[in-house]
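[1] Any chance you could fold what I've pasted below:
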Amino acid sequence: MTHSMPNQANNQNEPGLFSLKNLIFIIIVLAAAGAAFYYMWQKKNEPLVQDNVKRDFLISVPVVPVVKKTLFREDQLPGEIDAYQDVLIYPKVPGFVKEIKVDRGSIVKKGDLMVVMYAPEFLAKRHEAVAKVSMAKAALAAEESKLQDLKAELQKKKANLLADESTYQRVYSASLVPGVIADNDVVQWAQTVQVDRQDVNAVTKRVNAKDHEVSMRKEEVDAMVKAFESFADIASYLEIFAPFDGYVTERKLHVGSFVGPDGSGAYPPICRLKQLDLLRIICPVPEDLVSGVIIGSQVEFTVSTFPGKRFKGTVARISNSLDKDTRTMPVELNYLNPDFKIVPGMFTKVYWPSRRPQESLFVPVTSVVSTPLNTFVCRIDGDRVDWVNVKKGQIMDNLVEVFGKLKVGDKVAEQGSEEMENQSRVIPVDKSAK
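    Numbering: from 1, shown residues only. As a prediction, this is how the structure comes out:
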């Protein structure tokens, strides 16, 4: 008894699990948890961005219309200047240079004598050919004389035959009367006529043979004469004349030099002649510009010798064949150059005009977006962005040709960008209206 009483007193003084203090703490925790749960539930069910907030974040995009124009621009292309005609002067036959009437810088006209050659071996052969022709003609004359003698003999034999035949006819007619002509006389005259006929036949054969021989000799003489004429033609090559009006730009040989027609090895050209009053301006036109090449059109070019000055050439020749390596087509211009201000080899720039026969669509260069996957423009339909795939063409001023599903008047973003996602919303600002 003495020990139980203090224990009971201690149990009554200790706080219980469901004391008022603990209950208040539990209620506060549950209220806080409920408030947090309700807040999370409200955040989950409300829209992430309110409509009025979204409008506050729409970006303004300057837009411009798609326009239709005819492409016309000038591209600076490198060019080459060549003489209209450019020849190396060689002789037709080998020989020595006897006289040169031109030098570097000489201006010649077509037909002017430029070089005189000397070929002793050729002259010896020519004299030999002359002698052979003379001998052949003399032999032909002798044979023709013999032919004339045979023809005269034949005429004489024919006359004797006619006379003897006439006598024989009279003797034969008289022998028909008995006792007037002896039979032996008739036989003798018949034999005489037979002999005359044999003589005529023999001389006729000799005449025909001699006539054939004369014909053969005539053919031989004609062949010799033609061969001699070829020597005469070659002799004319010993004098070299200017093939066209031109300017002597090089001289390689001097008097006494041996030169041949080969043009290689030990035989350099005597000189070089160029036509400078008309020049060829050769321009490699890129593949995408060849459709605008027009024969007869005027094209401007410049040369480094006259900075700031433009000259005009005329499109004269088109190769109609692309270089596989450079994908360009050589086009030639003609340029009249009577005062020789421009010379071959000058550095030149050609201002090539690019034209298209029909109109095409254009947008600003900045409107086109190029990525590794595609090329597109941002068309603005209402307030929506629509990516339209296009193919770029030529650039004219600040515009570029585009080919795709676009039409005149479509609005596109002036500054295209991948950041304007397809089908996103924007606020278009029409710059063309300002």
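[2] okay, which residue is most central for the protein?
    Centroid-nearest residue in the chain: Ser319, 2.4 Å away (criterion: CA atoms, centre = their mean).
[3] In contact with it, which residues?
    Ser319 sits next to Met329, Pro330, Val331 when contact means CB atoms under 8 Å, 6 or more residues apart in numbering. C-beta here means a position set from N, CA and C on the backbone, and glycine is covered the same way.
[4] Inside strands: which ones of these?
    Of the positions in those, Met329, Pro330, Val331 sit in strands, assigned by DSSP state E.
[5] Who's the closest spatial neighbour of the second one, skipping the chain neighbours?
    The shortest distance from Pro330 to any residue other than its chain neighbours is 4.7 Å, reached at Ser319 (CB to CB, 6 or more residues apart in numbering).
[6] Arg280 is in contact with Leu333, isn't it?
    Yes - Arg280 lies in contact with Leu333 (CB atoms under 8 Å); the separation is 7.3 Å.
[7] Pull the number of nearby residues for the nearest residue to Met346 once chain neighbours are set aside.
    Take Met346 and drop its neighbours on the chain: the residue closest to it by CB to CB, 6+ apart is Val303, 4.6 Å away. When neighbours are counted by other CB atoms under 10 Å, Val303 registers 19.
[8] For beta bridges, what are the partners of Val303?
    Beta bridges link Val303 to Thr348, judged by DSSP bridges.
[9] check contacts around it.
    Ile81, Phe311, Ile342, Met346, Phe347, Thr348.
[10] was I right about Val221 contacting Lys132?
    No - with contact defined as CB under 8 Å, Val221 does not reach Lys132; the gap is 9.8 Å.
[11] The two: which has the busier surroundings?
    Applying other CB under 10 Å to Val221 and Lys132 shows that Val221 carries more neighbours, namely 19 against 15.
[12] packing partners for the one helix or strand the more buried one maps to?
    In the assignment (DSSP states H and E), Val221 maps to helix 183-236. Contacts defined by 3 or more CB pairs under 8 Å, 6 or more residues apart in numbering; DSSP states H and E place helix 183-236 against helix 120-175.
[13] what angle separates the helix it packs on from helix 183-236?
    160 degrees (axes from the mean of the first three to the mean of the last three CA atoms, to 10 degrees).
[14] quick one: which of Arg280 and Leu333 has more around it?
    Leu333 (24 against 21).
[15] dump the residue contacts of the more buried one.
    So, once contact is read as CB under 8 Å, 6+ apart, Leu333 ends up touching Arg280, Ile281, Ile282, Cys283, Val299, Phe301, Gly313, Thr314, Val315, Ala316, Val350.
[16] rerun at 10 Å
    The contact partners of Leu333, taken as CB atoms under 10 Å, 6 or more residues apart in numbering, are 79, 81, 279-283, 297-301, 311-317, 350.
[17] One more: Ser106?
    So Ser106 contacts Ile100, Asp112, Met114, Ala242, Gly246, Tyr247, Val248, Thr249, Arg251, Cys271, Leu273 (CB under 10 Å, 6+ apart).
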